[in-house]
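Participant: below are the sequence and a predicted model for it; my questions follow.
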Amino acid sequence: MFLGTAVFGELLRMSQEEFRFAGDDGRITLPCDTAVMEYVMCLLRREASEEVERALLSSIAGPCHYENGLPQSMGLHQPVALSSF
């Protein structure tokens, strides 16, 4: 349902650039942690505007060390890995 959205398309592009898309186990690692991914899903469920989607993408476009604005020492940095269905 959400895989065809511009947000997921951009996340997949970022994944390809940063992680070479998929690992040996076939999983795709997205360039954001679980909390950010949950927020993305919430925005998509609520049919957020393109402006909000662009703002979200620009906030995670930087290095993966600070996706959610919190330091890694808080234990929140854990990229999301998607398994094949």
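Facilitator: Yes, it's here. Numbers count the residues shown, from 1 in each chain.

Participant: poorly predicted segments of this structure, please.
Facilitator: Applying pLDDT under 70 to the chain picks out residues 21-24, 61-85.

Participant: hey, where'd the strands end up in it?
Facilitator: Remark: strands assigned in the chain by DSSP state E are 28-33, 79-82.

Participant: what is the first one packed up against?
Facilitator: Counting contacts by 3 or more CB pairs under 8 Å, 6 or more residues apart in numbering; DSSP states H and E, strand 28-33 is packed against helix 6-19, strand 79-82. All C-beta atoms are positioned from the backbone trio N, CA, C, and that covers glycine.

Participant: reformat those as a markdown table; add mean neighbour count and distance to Ser49.
Facilitator: Converted to a markdown table, the helices and strands packed on strand 28-33 look like this (neighbours: other CB atoms under 10 Å; distance: least, CB to CB, whole Å):
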| stretch | mean neighbour count | distance to Ser49 |
| --- | --- | --- |
| helix 6-19 | 16 | 12 |
| strand 79-82 | 17 | 24 |
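
Participant: wait, which of those is closest to Ile28?
Facilitator: strand 79-82 (4.6 Å; CB to CB).

Participant: JSON lines for the helices and strands packed on strand 28-33, including distance to Arg45?
Facilitator: Listed next are the helices and strands packed on strand 28-33 as JSON lines, based on distance: least, CB to CB, whole Å:
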{"stretch": "helix 6-19", "distance to Arg45": "12"}
{"stretch": "strand 79-82", "distance to Arg45": "17"}
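
Participant: right, and these - which one's nearest Leu56?
Facilitator: Nearest of the helices and strands packed on strand 28-33 to Leu56, taken as CB to CB: helix 6-19 at 6.9 Å.

Participant: so the closest one versus strand 28-33, what angle?
Facilitator: Going by axes from the mean of the first three to the mean of the last three CA atoms, to 10 degrees, helix 6-19 is angled at 100 degrees with respect to strand 28-33.

Participant: output the contacting helices and strands for helix 6-19.
Facilitator: Counting contacts by 3+ CB pairs under 8 Å, 6+ apart, helix 6-19 packs against strand 28-33, helix 34-45, helix 50-60.
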